[in-house]
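Enquirer: For reference, the sequence and a predicted model appear below.
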Amino acid sequence: MNNLAYLPQRELVCDLCKKFYAKGWASGTGGGVSIRVDDSNYLIAPSGVQKEEIESKDLFVIELIDCGYKIIEKPENLKISACTDIFVNIYKKRKEVGAIIHSHSINSVLLTKIVNGDHVTISKYEMLKGLEGCNYFGSHTIPILNNVENECDLADSVAEVVEKYPLSHAVLVRDHGVYIWGRNWERAKVHAECYDYLFEAFIKEKQLMNIISLKN
Ligand code: ZN
């Protein structure tokens, strides 16, 4: 397997899949990871496989082209991720993005159940500083899309909200999860960890406020 192109980056994607599985972000074969490997080529984890068991040879290599993408390397007997069209649209709208994570984290899902409407704004948490361009005294708004039956049908709406919310590094999908990105894999991972913390804090804060208002 040592003649595989982009071997160190492939190993990195496998390692990230294991880490995200351990956090509960990719259980039941859900979730996904993609990283840029050069100017136009990207690695993408396959669909419907146990993310913690993925090996270097299981990854797809795609190239972005004007009308979408073409598959450069396809592992045998595996299907490309259902998120691919979404990843491609994010990469095309945000030229600086070097890695994208799709997570089914329970905090991202629960937050979309308690917030009505098409966005959520979070403020007054130190962890906002972990999001590029954010600070403690500002607020941060993340778009929320409604879920659809087939994940690829979200691709156009994701492209729209990525443009509409230029300061967000994430798109939430109601009852489903979240797409999070960064200019490289390290930044995407930091963003994913900070967002998950902030989503959990937002939910718990709302719970506490409800308890307090019931008592008063
Ligand atoms: Zn998903």
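Expert: Good, I have the coordinates.
Enquirer: So which residues of the chain form strands?
Expert: Using DSSP state E, the strands of the chain run over 32-36, 41-44, 60-65, 68-73, 99-103, 119-123, 139-145, 170-173, 177-182.
Enquirer: Find the centremost residue of this structure, please.
Expert: For the chain, the residue nearest the mean C-alpha position is residue 179 (2.6 Å; CA atoms, centre = their mean).
Enquirer: for that one, which residues make a bridge with it?
Expert: With DSSP bridges as the criterion, residue 179 is bridged to residue 102, residue 171.
Enquirer: Quick check, it in contact with residue 173.
Expert: Yes. Counting by CB atoms under 8 Å, residue 179 touches residue 173, with 7.5 Å between them. Placement of C-beta: from N, CA and C, glycine included.
Enquirer: about what we covered before: against residue 6, how distant is the residue nearest to the centre of the chain?
Expert: Using CB to CB, to the nearest Å, we find residue 179 at a distance of 22 Å from residue 6.
Enquirer: Contact partners for residue 114?
Expert: For residue 114, the contacting residues are 203, 206, by CB atoms under 8 Å, 6 or more residues apart in numbering.
Enquirer: how far away is the closest residue to residue 169 other than its chain neighbours from residue 6?
Expert: Using CB to CB, 6 or more residues apart in numbering and skipping the chain neighbours, the partner closest in space to residue 169 is residue 191 (4.9 Å). To residue 6, residue 191 is 23 Å away according to CB to CB.
Enquirer: And residue 43, by the same measure?
Expert: Counting by CB to CB - residue 43 and residue 6 are separated by 6 Å.
Enquirer: what is in contact with the two at once?
Expert: The contact sets of residue 43 and residue 6 overlap at 37, 61 (CB under 8 Å, 6+ apart).
Enquirer: out of those two, which sits in the more crowded spot?
Expert: Neighbours were counted for residue 43 and for residue 6 using other CB atoms under 10 Å; residue 43 has more, 23 against 19.
Enquirer: The more buried one bridge partners, please.
Expert: Residues in a beta bridge with residue 43, per DSSP bridges, are residue 35, residue 61.
Enquirer: tell me the pLDDT at it?
Expert: With respect to pLDDT, residue 43 has a value of 97.
Enquirer: same question, residue 150
Expert: For residue 150, the model assigns a pLDDT of 87.
Enquirer: pretty sure it is in contact with residue 82, am I right?
Expert: Yes. Using CB under 8 Å, residue 150 is in contact with residue 82, at 7.4 Å.
Enquirer: the more surrounded of these two?
Expert: Neighbours were counted for residue 150 and for residue 82 using other CB under 10 Å; residue 82 has more, 18 against 7.
Enquirer: I figured that one hits residue 45, correct?
Expert: No. Counting by CB under 8 Å, residue 82 stays clear of residue 45, with 11.0 Å between them.
Enquirer: which neighbours do those two share?
Expert: residue 32.
Enquirer: wait, what's in contact with residue 192?
Expert: Shown in contact with residue 192 (CB under 8 Å, 6+ apart): 20, 25, 101, 103, 180.
Enquirer: Would you check the residues you listed and say which has the weakest pLDDT?
Expert: Lowest pLDDT within the contacts of residue 192 is found at residue 25 (89).
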